[in-house]
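Engineer: please work out how this folds:
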Amino acid sequence: MSSHSEKELLAKRLKGQKLVIPDIRPIFAHWPSRVNENYQEVKEEVDNRLAAQSMKEEARRAFNDMNPALLTASWWPTTPKDHYRVLIDLIIWFAYWDDLVEKLTPDPEASEGLRGDTKVLVRQSLGLAGPEEKMAITNPLILGFRGIGEEVCKVYDEEQRRTVLAHFEEYIDSTVLEAEANRSDKLPSLKRYWEVRILTSGMGALLAVTEFATQAKLPPKLVNSAVFETLWVTTIIINSIVNDLVSFKKEMKAGSVLSSIAILYAQVDNLDAAVQMSLAHLKILVGEFDRAADTLLSKFPMGPDEVDSVSKAIDALRMINTGNLEWSLQARRYGVCDFITDAGQIELVL
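Structural biologist: Presented below is the predicted three-dimensional model:
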């Protein structure tokens, strides 16, 4: 009997294979894509601030490779400069917290303490905490959420802030599921993978600032509708599929095969087929998003101002995905920019 786990055996099968990802851009060709006009000016400010932060060299290198100013500029290209700065801070906070809780996986007590304290911090920062709630966080990078919360409170009413809080708490709690999946020797089914990934990606928390980014207030009934939920979930899965494709080599190098691409490969034993299945899924989801968007704009009862706000939010969700793709291809985070051919496809060896 083999002493290797299911994940280890799969990693051995994948190692050394050639990964070819066709140009993904045509799938999104009819969706808007641009970069925030304040990117270059604000990037210098962010780089200087990060350089002055006290952090380990590994974390500093990771932020440089990530280029949070470009990610934010690509996700939210229409947001004004003051909100753009706040959203960069949110991306930095999110990346740092996500990395920290992952590093604490071997220490369940410490990771649970971080989760509990962070939920209190988010509640306090959004003006939704009770006076008795205390926390033990002293890390300045995590405490930076207070400034983010203050800015959100200037724009969001209590109902909107409670929605943001619910998404953050759902994400924070879901990192327990992510830790369990990482510790397991077995691959999950594709269905289970997506059930968990939708939560652990943290995209729900980031999408919750869409109204802040677009300066557009959405009708509460619409936000709570099944059609809007379709837009929300398809946005998250589209984002995650692109991430799974582009980050596949980086994740394998880090010792992880917990990916939709790896799960599909385990099913069909053909890497090219797994990639094509992922691209086919992307195309289906883009069509599903467009149909849901058309339904919202044509059948949901709204006044002219509400139609304008909803249209802005729909385009914002689209640009989160087109922007995510462009950032993924340009930033050093996934290391694919050197492997893009003239035809636009990515070709590399795992």
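Engineer: the stretch 201-350 of the chain: helices as residue ranges?
Structural biologist: Remark: helices of the stretch 201-350 of the chain, listed N- to C-terminal, are 203-207, 210-214, 220-223, 226-246, 248-253, 260-268, 271-299, 304-330; assignment by DSSP state H, counting those that start in this stretch.
Engineer: could you export the ones you listed as CSV, including mean neighbour count?
Structural biologist: For the C-beta atoms, the positions are set from N, CA and C on the backbone; glycine is no exception. CSV is the format used below for these (neighbours: other Cβ atoms under 10 Å):
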stretch, mean neighbour count
helix 203-207, 22
helix 210-214, 23
helix 220-223, 15
helix 226-246, 20
helix 248-253, 18
helix 260-268, 20
helix 271-299, 16
helix 304-330, 19
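Engineer: could I get the ones you listed in a markdown table, plus columns for distance to G130 and mean pLDDT?
Structural biologist: Formatted as a markdown table, the entries for those read as follows, by distance: least, Cβ to Cβ, whole Å; pLDDT from 0 to 100:
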| stretch | distance to G130 | mean pLDDT |
| --- | --- | --- |
| helix 203-207 | 22 | 95 |
| helix 210-214 | 24 | 96 |
| helix 220-223 | 24 | 89 |
| helix 226-246 | 29 | 96 |
| helix 248-253 | 40 | 93 |
| helix 260-268 | 40 | 96 |
| helix 271-299 | 36 | 97 |
| helix 304-330 | 32 | 95 |
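Engineer: want to throw those helices into a markdown table with distance to T138?
Structural biologist: As requested, the helices of the stretch 201-350 of the chain are arranged in a markdown table below (distance: least, Cβ to Cβ, whole Å):
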| stretch | distance to T138 |
| --- | --- |
| helix 203-207 | 23 |
| helix 210-214 | 27 |
| helix 220-223 | 36 |
| helix 226-246 | 32 |
| helix 248-253 | 31 |
| helix 260-268 | 38 |
| helix 271-299 | 42 |
| helix 304-330 | 32 |
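Engineer: nearest to S184 among those helices would be which one?
Structural biologist: Distances from S184 to each of those were compared using Cβ to Cβ; the minimum, 12.9 Å, belongs to helix 260-268.
Engineer: what angle do that closest one and helix 271-299 make?
Structural biologist: Angle, helix 260-268 to helix 271-299, by axes from the mean of the first three to the mean of the last three Cα atoms, to 10 degrees: 120 degrees.
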